[in-house]
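*Asks:* Next comes the sequence, and after it the predicted model I'd like to discuss.
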Amino acid sequence: MLLIPCPWCGDRDETEFGYGGQAHVPYPEAPETLTDAEWAEYLFVRDNPEGPFTEQWVHTAGCRRWFTLVRDTTCNDILAVHRTGTTNPVHP
Amino acid sequence: MTAEVTTPRARSPLHHRAHLLAAADVEGPRGVRLRELPCAAQVTLRLDPSSPAAARVAGALGLPALPVEPGGVRTAAGATERTVLWLGPDEWLVVGPEGDAPAIEAVVRDALGDGHGAVVDVSANRTTLEISGPCAREVLEKGCSLDLHPRAFGPGRCAQTLLARAAVILRQIDTGPTYHLLVRGSFAPYLADWLLDAMTEFRSPEVPR
Ligand SMILES: [Zn+2]
């Protein structure tokens, strides 16, 4: 189990959180111009790096806020946590 | 024939278990006691804590400011005891005595004025379990991953977390210790049963290590 540092509440068990996948995936500027393949790429295809990965989590059983964290996919170390809308890491 | 008009009184979610809770008291140095405090007034408040409306609302509730630190709790001095719990960076729960919700809502709405915010009476959402006694913390620790040791948690703090997989707002009242657990009505019988079971071992002497 991961111990996840919510940028508001501090360290909490993974069971209190929901996972939101890769962070900072931009919504297409003109979705009506996309081909089916491009739309499918936006909807379903995500990076799968070996190493640091920026992802979205929500503290469902706590403050219910979404935030982003950077997790090393090889060892699950959490490298940084950000409140939504900020670029400064938070270390609660 | 005239129909008698009566105002229905709320029946709390653990009304039917009150006798079970009362019969489960454990006395002595390993004591622990569980009760339902039914029908507390609860009003959800959402607004920008840096807005002028936030200061007006705090003032109207008799507070110098709304708690902005995670897990913060403020109790207003006044004729009616009202407590504001931090639930999120722009969200609070105002808790008062039974029947106080319409008054809280009116006071807060009036203070909000044209300010941007939301005020909702959610009194029917949750009931309150009070667990107290020298071993109350040990009982909670059987199903809660938060560090409730005095070095990390204490009176005047609250947290939203899971207790025995049920979502609760946990608040410490005093160092007895006494805790209040705000839990959804539909989860309350389950959580009360879980707590009654978790309390049972404290009737027996501590097993020597
Ligand atoms: Zn949180």
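*Replies:* Received, thanks.
*Asks:* contacts, neighbours, all on C-alpha from now
*Replies:* Fine.
*Asks:* Now for the residue in chain B that the ion sits nearest to: which residues touch it?
*Replies:* Closest contact between chain B and the ion, by CA to the ion, is at B:Gly88 (7.5 Å). B:Gly88 makes contacts with A:Trp8, A:Cys63, A:Arg64, A:Arg65, B:Pro70, as judged by CA atoms under 8 Å, 6 or more residues apart in numbering or on different chains.
*Asks:* likewise B:Thr161?
*Replies:* Applying CA under 8 Å, 6+ apart to B:Thr161 gives the contacts A:Glu16, A:Ala61, A:Gly62, B:Cys144, B:Leu146, B:Ala167, B:Val168, B:Ile169, B:Leu170.
*Asks:* Does the strand ranked longest in chain B reach the ion?
*Replies:* Once chain B is assigned using DSSP state E, the strand that runs over the most residues is strand B:166-174. No. Contact of strand B:166-174 with the ion is not found when judged by CA under 5 Å from the ion; the minimum separation is 12.5 Å.
*Asks:* and that strand, what other elements does it pack with?
*Replies:* Secondary structure elements in contact with strand B:166-174, counted by 3 or more CA pairs under 8 Å, 6 or more residues apart in numbering or on different chains; DSSP states H and E, are strand B:158-163, strand B:178-184.
*Asks:* need the strands for chain B, in chain order.
*Replies:* Chain-ordered strands for chain B, with DSSP E as the definition, fall at B:33-37, B:41-47, B:73-76, B:82-88, B:91-96, B:117-121, B:126-132, B:158-163, B:166-174, B:178-184.
*Asks:* Next, the angle from the last one to strand B:33-37.
*Replies:* On the basis of axes from the mean of the first three to the mean of the last three CA atoms, to 10 degrees, strand B:178-184 is oriented at 50 degrees to strand B:33-37.
*Asks:* Export only the CA atoms of strand B:178-184, formatted as PDB.
*Replies:* Extracted C-alpha coordinates of strand B:178-184, given in PDB (Å, rounded to 0.1, in the frame of the first residue of the first chain):
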ATOM      1  CA  THR B 178     -13.700  11.900  23.900                       C
ATOM      2  CA  TYR B 179     -14.200  11.700  20.100                       C
ATOM      3  CA  HIS B 180     -17.200  12.600  17.900                       C
ATOM      4  CA  LEU B 181     -17.700  10.500  14.700                       C
ATOM      5  CA  LEU B 182     -20.000  12.100  12.100                       C
ATOM      6  CA  VAL B 183     -21.200   9.200   9.900                       C
ATOM      7  CA  ARG B 184     -23.800   8.900   7.300                       C
END
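*Asks:* Quick check: mean pLDDT of that strand?
*Replies:* Average pLDDT, strand B:178-184: 98.
*Asks:* Now find how far off-centre that strand is within its chain.
*Replies:* Here strand B:178-184 is found 5 Å from its chain centre; the criterion is CA atoms, centre = their mean, to the nearest Å.
*Asks:* contact partners of the longest strand of chain B?
*Replies:* By CA under 8 Å, 6+ apart, the list of residues contacting strand B:166-174 from outside reads A:61, B:153-162, B:178-184, B:187, B:191.
*Asks:* Format the contacts of B:Gly88 as JSON lines; extra columns: distance to B:Pro29, secondary structure and neighbour count.
*Replies:* Below are those laid out as JSON lines (distance: CA to CA, whole Å; DSSP: H, G, I helix; E, B strand; the rest coil; neighbours: other CA atoms under 10 Å in any protein chain shown):
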{"residue": "A:Trp8", "distance to B:Pro29": "36", "secondary structure": "coil", "neighbour count": "22"}
{"residue": "A:Cys63", "distance to B:Pro29": "35", "secondary structure": "coil", "neighbour count": "24"}
{"residue": "A:Arg64", "distance to B:Pro29": "38", "secondary structure": "coil", "neighbour count": "17"}
{"residue": "A:Arg65", "distance to B:Pro29": "40", "secondary structure": "coil", "neighbour count": "19"}
{"residue": "B:Pro70", "distance to B:Pro29": "33", "secondary structure": "coil", "neighbour count": "19"}
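*Asks:* okay, now the domains of chain B?
*Replies:* With automatic domain parsing serving as the domain definition, the record reports that chain B contains domains spanning B:16-38+B:125-200, B:41-121.
*Asks:* near the ion, which residues of chain A?
*Replies:* Residues of chain A found near the ion, taking CA under 5 Å from the ion as the criterion, are A:Cys6, A:Trp8, A:Cys9, A:His59, A:Gly62, A:Cys63.
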